[in-house]
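1. Turn this into a structure:
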Amino acid sequence: MFNYPVTLTPDDGTLLVTFPDIPEAITFGENEDEALRNAVDALETALSFYVDTRKPLPEPSVCPDLPTVRPSALEGIKLAVYREMMIQGVRKAELARRLGWKGPQVDRLFDLGHASRLDQLEAAAKALGKHIDVTLA
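-> From the prediction side, this is the model:
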């Protein structure tokens, strides 16, 4: 769902990593493996800016010739719940009301640096009329 293509460009002995769909995400690595590992952190950091400013998440483009990077599983679930809130026009205060939670609890739920519990994310998805479906690919 959040599988973003990356461009790897040689840059003075390292590989510069950029995302065609997310100009805010930039990193580098000494080799391709390191560059792609660092790209996950850059992606999560950049997407957190979108969540913090309540902007829609960029859609990943399809670029079959480019490698892709996705956020970690927990962050991917958080982003999916956030995207559904945006689609439905539900604000954090409304989600808190539906869940019977206080505002800071909902804020932490969408903090990509916070280790939220899966049961909390499942409750948020349910409050939006959705469920979380996990697959191993």
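
2. Counting by contacts, list what the lengthiest strand in the chain packs against.
-> Secondary structure assigned by DSSP state E gives strand 22-29 as the longest strand of the chain. Here strand 22-29 touches strand 14-19, helix 32-52, going by 3 or more Cβ pairs under 8 Å, 6 or more residues apart in numbering; DSSP states H and E. Just so you know, the C-beta spots here come from the backbone N, C-alpha and C atoms, and that holds for glycine as well.

3. for those, which one ends up most surrounded?
-> With neighbours taken as mean count of other Cβ atoms under 10 Å, the helices and strands packed on strand 22-29 reach their highest mean count in strand 14-19, at a mean of 20.

4. Partner strands of that strand, with direction?
-> strand 7-11 (antiparallel), strand 22-29 (antiparallel) (DSSP bridges).

5. between the ones you listed, which gets nearest to L95?
-> Shortest distance between L95 and the strands paired with strand 14-19, using Cβ to Cβ, is found for strand 22-29: 24.8 Å.
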